[in-house]
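> Provided below for reference: sequence and predicted model.
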Amino acid sequence: MQVSDSHPEHVLRNSADFAGERREIAVTSAGLALTLHRPEDRDPRGAVLLIPGWSGPRSGPADILVFLASRLAQAGWLAVRLDLPGRGDSDGDFAGTDLDAMIAAVVSVASEQPAGKLLVLAGLCSGGNVALGAITPIRNPQSPIPNAVISLSALPFQPARSETFERRRRWRNIRQYAAKALSPRTWARLAKGEVNLDRVRKNVTASEKPASGERNLKDSARDIEKELLHWNGPALFVWGGGDDEAPPSRAHFEKLHAAGMGARARTVFHTIPGANHNFYARAWREELAGLILEFLEQSAS
């Protein structure tokens, strides 16, 4: 094993060259697994930390974070994908890791980035909430402070999720399963015992609120949304037009922006027509990459 010259606190596990980029797999002193996408033959213009959803690995659903990181590196940015504690290849307790521990992990990785260049936190779904939580805490003045945040398909923080929000989520799951029930393939899988009925039951009755006496790991000990009202950096929020949870989520964050969150003229809200929660289609990903690169250009100017 080698130690990365640019990040002596990282143990470099592997590296490889790709078209227009170099990728390094490294592990931090805290046991967090990273993949760094570096521009080929030039110094990075800045760094973007890509944060996956609640339980996903650093590749993201259908490798969307790999796709975005590659595009960022080819455009001259250092893109860092990380596994949150207890996820993927990172150390930690999966079942015991809460939102605040995820935020602390992202802050630790952000603090290791070179000072003096644009530093952006970009998260998908729950990773968007992590990014928003990591951009607000008070830090060591010697550590780099993230300049901007990108939040993709983010939902309101737990205290803001009303019964109406939860009911909408349950009905979305019911509609999805009802559509699957019309497929002969679904019935064939059911006959073979390939359908997890317990998971189906949980999805159509699920609530984000914990059972009595249990702790909600997705709820921060801080009032992050209140803190965000005093943060005035650039922000990009993107949702998919085919995501049922997008309209109320966008309205919620637009309301926070009107109350003080984010720079007045440098906060962007965008919905990609037809896109689902994880932007699966190639055209949606291309549009998303274009939005992010345009936002970075404006934030760097």
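It's in.
> so what pLDDT did T205 get?
Listed pLDDT for T205 reads 44.
> no wait, V11
76.
> tell me how far it lies from A30.
Remark: distance between V11 and A30 (C-beta to C-beta, to the nearest Å) = 11 Å. C-beta: built from backbone N, CA, C; applies to glycine.
> also N216?
25 Å.
> cool, and E286?
From E286 over to A30 the distance is 35 Å, taken as C-beta to C-beta.
> try F269
Noted for F269: a distance of 34 Å to A30, by C-beta to C-beta.
> check contacts around D17.
Residues near D17 by C-beta atoms under 8 Å, 6 or more residues apart in numbering: 23, 40.
> same thing with the one 4 residues further on?
With contact taken as C-beta under 8 Å, 6+ apart, E21 is in contact with 37-40, 70, 73-74.
> looking at the residues you listed, which are in strands?
37-39 (DSSP state E).
> top of those by number of neighbours, please.
Most neighbours among the ones in strands among the contacts of E21, by other C-beta atoms under 10 Å: H37, with 26 neighbours.
> I figured it hits G76, correct?
No - contact between H37 and G76 fails when scored by C-beta atoms under 8 Å: they sit 11.2 Å apart.
> ranges for the strands of the protein?
Taking DSSP E, the strands of the chain run over residues 2-3, 11-18, 21-27, 33-39, 46-51, 78-82, 118-124, 148-152, 235-240, 267-272.
> the fourth one pairs with which strands, and in what direction?
Listed by DSSP bridges, the sheet partners of strand 33-39 and their directions read strand 21-27 (antiparallel), strand 78-82 (antiparallel).
> so which residues make contact with the last one?
By that I understand strand 78-82. Contacts to strand 78-82, defined as C-beta under 8 Å, 6+ apart, come from residues 32-39, 44, 46-52, 58-60, 65-66, 68-70, 72-73, 90, 105-106, 109, 113.
> could you rerun that using 6 Å?
32, 34-38, 44, 47-50, 58, 65, 69, 72-73, 109 (C-beta atoms under 6 Å, 6 or more residues apart in numbering).
> so for it, mean pLDDT?
Predicted confidence along strand 78-82 averages 98 (mean pLDDT).
> ok now that strand, how far from the chain's centre?
Counting by C-alpha atoms, centre = their mean, to the nearest Å, strand 78-82 is centred 12 Å from the centre of its parent chain.
> and that strand with strand 46-51, angle?
In terms of direction (axes from the mean of the first three to the mean of the last three C-alpha atoms, to 10 degrees), strand 78-82 departs from strand 46-51 by 20 degrees.
> what's the closest non-adjacent residue to A289?
Take A289 and drop its neighbours on the chain: the residue closest to it by C-beta to C-beta, 6 or more residues apart in numbering is R71, 4.5 Å away.
> buried stuff in stretch 28-37?
Neighbour counts over stretch 28-37 (16 or more other C-beta atoms under 10 Å) mark 28, 32-37 as buried.
> let me fix that, I meant to ask about stretch 106-121.
106-113, 117-121.
> cheers, nothing more for now.
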